[in-house]
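> Need a 3D model of the following:
(chains A and B)
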Protein chains: 2
Amino acid sequence: MLELVLVKLGGSLITDKNQPYTARLETMQKLVTEISLIKQQNPSLKMIIGNGAGSFGHQSAHKYNTINGVFCDADKLGFCLVHQDVLDLNRLLANCFLEAGLPVVSLPPLTMVVTQNKKLVKTDFSVIENSLKAGFIPSIFGDVVLDQVIGGTIISTDSLLVELAKYFHIQGNYQVKLINVGNYRGVYDQNGQVIPEITPANYAQIKAAIGKSESIDVTGGMIQKVEEFLAISDWGIDCWIIDGNIPGNLVEAVLGQATVGTVIRSGEYR
Amino acid sequence: MLELVLVKLGGSLITDKNQPYTARLETMQKLVTEISLIKQQNPSLKMIIGNGAGSFGHQSAHKYNTINGVFCDADKLGFCLVHQDVLDLNRLLANCFLEAGLPVVSLPPLTMVVTQNKKLVKTDFSVIENSLKAGFIPSIFGDVVLDQVIGGTIISTDSLLVELAKYFHIQGNYQVKLINVGNYRGVYDQNGQVIPEITPANYAQIKAAIGKSESIDVTGGMIQKVEEFLAISDWGIDCWIIDGNIPGNLVEAVLGQATVGTVIRSGEYR
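Residues are numbered from 1 along each chain as shown, chains lettered A, B, ... in the order given. Just a heads-up that it's a prediction; the model follows:
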């Protein structure tokens, strides 16, 4: 079995969400240093990096309401602006990886996903799979996609990573794990305490507590994230939600050591 | 029949080939202004823009000899650097289009092409086709691609545009034309005069004259370009080689007016 870790670097972590088009380059570099360390300690481990759009993608996406469709000429321009904005942020991140000598290859999801009323109807992840097999680190991100009904929409990094986790899990030769690295310590309860473990068994009672806590990640909100991850935990894919600001946290989570954060997994597999 | 024009903006035109990583922004803006004019005069015309890599892609491509394969870790990093470099140049060009209000969408060829010993074995141009149908202007460029035998290689903008010309021609509902916009006035003979027309009938005698002239476009050379275009002229696809420095030249060539330059076409179709 090949070990495959999907790492999500949150938009709120790698950009300043309050300052349009402002990347946190120092944070990016620190995260890349941790990923270099991981590759040194476990050279056979496969990784896919997904990054959120933060204060880059959300400007035009909000202005043109791209997620809800592309109908007129202004919407079309908006669609293209969002694509360019997410490419721009991804480029800054990719440059950090390349400067560290890591072979990260940017692969815009627009070229591999088609939706129908916001639901995925066609995915072709072959270029991600082939890049991975060839020894590259594929880099993806939330992106605009063409939609067969509403013209266009946006697919989030989380949704893409969840699809990729399933895609590689189904093949049977990958042990898949997903690590969500954010600007928050994990999933909080109503008292602001990190919930250490979420399973299908305890989720019903925990959900209310999450709802009462401050939602830290703007895109979709924490409940949506947890539910997307819960759905794949049933497949035996563990998902960690950890704080990327704590040095060493990412290394520990990827290498399976004790980590501060929330793990989402199916109790049935333990 | 839908009219489809594939426009190649040459690397020697939109960058300074003697200065690494130096774009000619003013030239880009002028070309974009011409394309805006074309869209105003013929709103139903479909366009795909391909741009050469110029002094962006050729730096790392040369250093790592990427075209001849990807075998070691350094080659892998080189492959990724070339990809990032061509993305960087494409981004500058795309920004010019977006600033002019044209819905240009960047679609990296790496995600749609696979080669085997430098020969195309898999292409999926559906995202280009769907973007075109949805009213966008797809923007492509010479890019690195994964190769099933030698790990990776480079596919030129010319080769991609020729493949796209065939792809859309075969569908039967597109009248396809290819316009190569360069930093030269056309194909020169041994006396430095522009050859007005090249056909399969006169090519044999013209070839020697081209060989003796200075080859102006570095990538592949003029003979390779002419032969790639001659091959599709047989399909009834006319190819123009024109000078992008002459104001109005691109507008005239696209709209089918008299243009200074070389046209490559099959005599049989006239």
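
> Any figure for the gap between residue A:184 and residue A:109?
24 Å (CB to CB, to the nearest Å). Placement of C-beta: from N, CA and C, glycine included.

> likewise residue A:12?
20 Å.

> Pick out whichever of the two has more residues nearby.
Remark: of residue A:12 and residue A:109, residue A:109 carries more neighbours, 24 against 20, as counted by other CB atoms under 10 Å in any protein chain shown.

> Now do the contacts for the nearest residue to that one once chain neighbours are set aside.
Closest residue to residue A:109 apart from its sequence neighbours, by CB to CB, 6 or more residues apart in numbering or on different chains: residue A:143 at 4.2 Å. Neighbour list for residue A:143: A:83, A:86, A:108, A:109, A:110, A:113, A:154, A:155 [criterion: CB atoms under 8 Å, 6 or more residues apart in numbering or on different chains].

> how about the helices in the stretch 1-150 of chain A?
A:11-14, A:25-41, A:54-64, A:73-99, A:126-133 (DSSP state H, counting those that start in this stretch).

> Quickly compare those helices and say which is most buried.
helix A:11-14 (a mean of 24; mean count of other CB atoms under 10 Å in any protein chain shown).

> in stretch A:192-206, what counts as buried?
A:194, A:195, A:198, A:199, A:206 (16 or more other CB atoms under 10 Å in any protein chain shown).

> Pick out the least confidently modelled helix or strand of chain A, by mean pLDDT.
helix A:200-212 (a mean of 83; mean pLDDT, DSSP states H and E).

> Find the closest residue to chain B in the stretch 151-270 of chain A.
Nearest residue of the stretch 151-270 of chain A to chain B: residue A:151, at 6.1 Å (CB to the nearest CB).

> how many neighbours does the closest residue to that residue other than its chain neighbours have?
Spatially, and ignoring its direct neighbours in sequence, residue A:151 is nearest to residue A:70 (3.5 Å; CB to CB, 6+ apart). Residues lying near residue A:70 (other CB under 10 Å) number 26.

> Model confidence for residue A:70, exactly?
At residue A:70, the predicted lDDT confidence score is 98.

> For it, give me its contacts.
Residue A:70 makes contact with A:76, A:78, A:79, A:147, A:150, A:151, A:152, A:153, B:134, according to CB under 8 Å, 6+ apart.

> and if you look at residue A:28?
Applying CB under 8 Å, 6+ apart, the residues contacting residue A:28 are A:9, A:14, A:92, A:93, A:96.

> And the last one, how far from residue A:29?
Separation of residue A:96 from residue A:29 (CB to CB): 5 Å.

> The residue nearest to residue A:30 when sequence neighbours are not counted in helix, strand or coil?
Among residues not flanking residue A:30 along the chain, residue A:247 sits closest, at 7.2 Å (CB to CB, 6+ apart). Of the three states, residue A:247 takes coil under DSSP: H, G, I helix; E, B strand; the rest coil.

> Residue A:247 and residue A:27 touch, don't they?
No. Residue A:247 is not in contact with residue A:27 according to CB atoms under 8 Å; the separation is 11.1 Å.

> who's residue A:139 bridged to?
residue A:49, residue A:106 (DSSP bridges).

> The one 5 residues further on now?
With DSSP bridges applied, the residues forming beta bridges to residue A:144 are residue A:154.

> contacting residues for it?
A:66, A:79, A:82, A:83, A:86, A:110, A:152, A:153, A:154.

> and if you look at residue A:95?
Shown in contact with residue A:95 (CB under 8 Å, 6+ apart): residue B:84.

> Distance-wise, check it relative to residue B:222.
Counting by CB to CB - residue A:95 and residue B:222 are separated by 35 Å.

> repeat for residue A:198
On the measure of CB to CB, residue A:198 and residue B:222 end up 63 Å apart.

> got the residues of the stretch 101-250 of chain A near chain B?
With CB under 8 Å from any CB of the partner chain as the criterion, the stretch 101-250 of chain A meets chain B at residues A:101-108, A:110-112, A:114, A:124, A:127, A:130-131, A:134-136, A:146, A:151-152.

> ok, 10 Å please
With CB under 10 Å from any CB of the partner chain as the criterion, the stretch 101-250 of chain A meets chain B at residues A:101-114, A:122, A:124, A:126-128, A:130-131, A:133-137, A:139, A:144-148, A:151-152.

> are any of the residues you listed buried, and which?
A:102-114, A:124, A:127-128, A:131, A:134, A:136-137, A:139, A:144-147, A:151-152.

> quick one: low-confidence parts of the stretch 101-250 of chain A?
Applying pLDDT under 70 to the stretch 101-250 of chain A flags the ranges A:211-220.

> and with 90 instead?
Across the stretch 101-250 of chain A, the ranges flagged by pLDDT under 90 are A:188-192, A:204-224, A:234.

> you'd agree residue A:190 is in a helix?
No. Read with three-state DSSP, residue A:190 is coil and lies in no helix.

> wait, isn't it in contact with residue A:207?
No. Contact criterion CB atoms under 10 Å: residue A:190 and residue A:207 do not qualify, at 11.2 Å.

> Compare these two (neighbour count), which wins?
It is residue A:207, of residue A:190 and residue A:207, that has more neighbours when counted by other CB under 10 Å, with 15 against 11.

> who's in contact with the nearest residue to residue A:86 once chain neighbours are set aside?
Computed as CB to CB, 6+ apart, the closest residue to residue A:86 that is not its neighbour in sequence is residue A:57, at 4.5 Å. The contact partners of residue A:57, by CB atoms under 10 Å, 6 or more residues apart in numbering or on different chains, come to A:11, A:15, A:21, A:66, A:81-90, A:141-144, A:154, A:156-157, A:219.
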